[in-house]
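# Just to be clear, the model below is a prediction. Sequence and coordinates:
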Protein chains: 2
Amino acid sequence: METAIVADEVKVAPFVKEMVRQLRALDSYGSYDGWSDDRVLEPLILTKARKAEIPVVGDPDEVTLSRVKAFYNAVAVRVEATTKLLTVPLVHLSHEGFGRALVSVGRLIVVDRTLRDVHRFGFASIEKLEAEGDKIVRSAVEMIERYPSVANH
Amino acid sequence: METAIVADEVKVAPFVKEMVRQLRALDSYGSYDGWSDDRVLEPLILTKARKAEIPVVGDPDEVTLSRVKAFYNAVAVRVEATTKLLTVPLVHLSHEGFGRALVSVGRLIVVDRTLRDVHRFGFASIEKLEAEGDKIVRSAVEMIERYPSVANH
C-alpha cells in the first residue's frame, strides 16, 4: 500500500504539516481535492527503488516544480512563524532542472541553495523531509539572530 | 539619425561601457556582430515618443529580457570591480513582465528591485542609463561597506 509510507507520528511534525498546506495552496487545478495528506505527500517520497525509475537527466514538469516551490514556501512560513519577520521565497530555474532557491528576510539571504536535478526532487522518507526542512529553517533562524540589523533593513 | 542619440562623452562612462560589454556577451545569435556600440545601445533608449508606441501591457520577448539581464549583470560587474567581492546577479520573471532583480554578495542582498513592465525596459537617454546604473552600483557598494561580515559570509 503506497500511501502507508507516511507514519502517523511524523504527520504532526510542524514542517511536514506546513509542507502539506503549501502543496495544497499551489494545487491550482484542484487535483488534490478529496486527497488525504498522505496521498498529497506521497509523490515526494522517493525511495531508492522509485528514484532508480526516474531518468538521471530531465526537464522538471510543472507539478514537480510546484513541489520544490512548496518546500521553500514551507521553509519561509516556518521561519516567519519563529521570527515574526517577513520572508520572501524565490525558486529560480535556469535550465534543465538547475537553479537557485533563496529565502530572504530584509536584505539578508537566510537560505541559499543551488538546485540540481529538480525533476528528481524528493526525500527518502517523511522523516527525512521533516529533518531536512527543519534543519534549513533552524539555520535560517540562526542567520537572522546573527545579523538582525540586515534582516530588519 | 537614430544612432546619434548616444553622445560621445557619455560612451566613455564606466557603467554604459560595461552595459555594452554585457549586451554583447548575451548576444548568443551574433546579431550585434559588426554593430557599433551606439547601435547596440540604441534600442534601450526609450524617448517619450518611442515609449508611447509600446503597448502598456505585454509579455517581454527574449531580446528585451536579455537587456534587463545585461543591465543587472553590468551592475554586478561594477560592484565587483569596486569591492573585489564576488557578486551574483539574478533576474527572475514571474508573469507578464513582473519579477524581481537581485544582486547578492555572500549572504547580503545588495540590489533588490521589483521588476514591472519589463517589455518597456529602457532609459530616456544614455545619460539616464549611466546615472541610474551608477546610482544602483553606489548604493550596493554602500551596503557592503555597512555589512562587510554578511557580504563575506
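Received the coordinates, thanks.

# Now do the contacts for the closest residue to A:Leu85 other than its chain neighbours.
Nearest non-adjacent residue to A:Leu85, counting by Cβ to Cβ, 6 or more residues apart in numbering or on different chains: A:Val105, 5.1 Å away. Glycine gets a C-beta too; all of them are placed from N, C-alpha and C. A:Val105 makes contacts with A:79, A:83, A:85-88, A:140, A:144, A:151, as judged by Cβ atoms under 8 Å, 6 or more residues apart in numbering or on different chains.

# Please name the bridge partners of A:Val105.
A:Leu108 (DSSP bridges).

# could you flag which of the contacts of A:Val105 are buried?
Neighbour counting by 16 or more other Cβ atoms under 10 Å in any protein chain shown classes A:79, A:83, A:85, A:87, A:140, A:144, A:151 among the contacts of A:Val105 as buried.

# What parts of chain A come near chain B?
Neighbours of chain B within chain A, by Cβ under 8 Å from any Cβ of the partner chain: A:90, A:92, A:100, A:102, A:104, A:107-110, A:112, A:143, A:147, A:149-150.

# Identify the farthest-apart pair in these.
Using Cβ to Cβ, the residues of chain A next to chain B reach their maximum pairwise distance at A:His92 and A:Ser149, which is 26.4 Å.

# So for these two, which residue has more residues nearby?
For A:His92 and A:Ser149, the more surrounded residue by other Cβ atoms under 10 Å in any protein chain shown is A:His92, and the numbers stand at 17 against 12.

# wait, is the more buried one part of a strand?
Yes: using DSSP: H, G, I helix; E, B strand; the rest coil, the assignment for A:His92 is a strand.

# Hmm, B:Pro89 and it touching each other?
No: look at A:His92 against B:Pro89 with Cβ atoms under 8 Å: they stay out of range, at 11.2 Å.

# how much space is there between A:Pro43 and A:Leu65?
Using Cβ to Cβ, to the nearest Å, A:Pro43 is found at 13 Å from A:Leu65.

# Looking at the two, which is more packed in?
A direct count of neighbours by other Cβ under 10 Å for A:Pro43 and A:Leu65 places A:Leu65 higher, at 20 against 15.

# what helix or strand does that one sit in?
Element membership for A:Leu65, per DSSP states H and E: helix A:62-83.

# Name the next helix or strand downstream of the least confident helix or strand in chain A by mean pLDDT, please.
Least confident helix or strand of chain A, by mean pLDDT, DSSP states H and E, is helix A:8-11 with a mean of 60. For helix A:8-11, the following helix or strand on the C-terminal side (DSSP H and E) is helix A:14-25.
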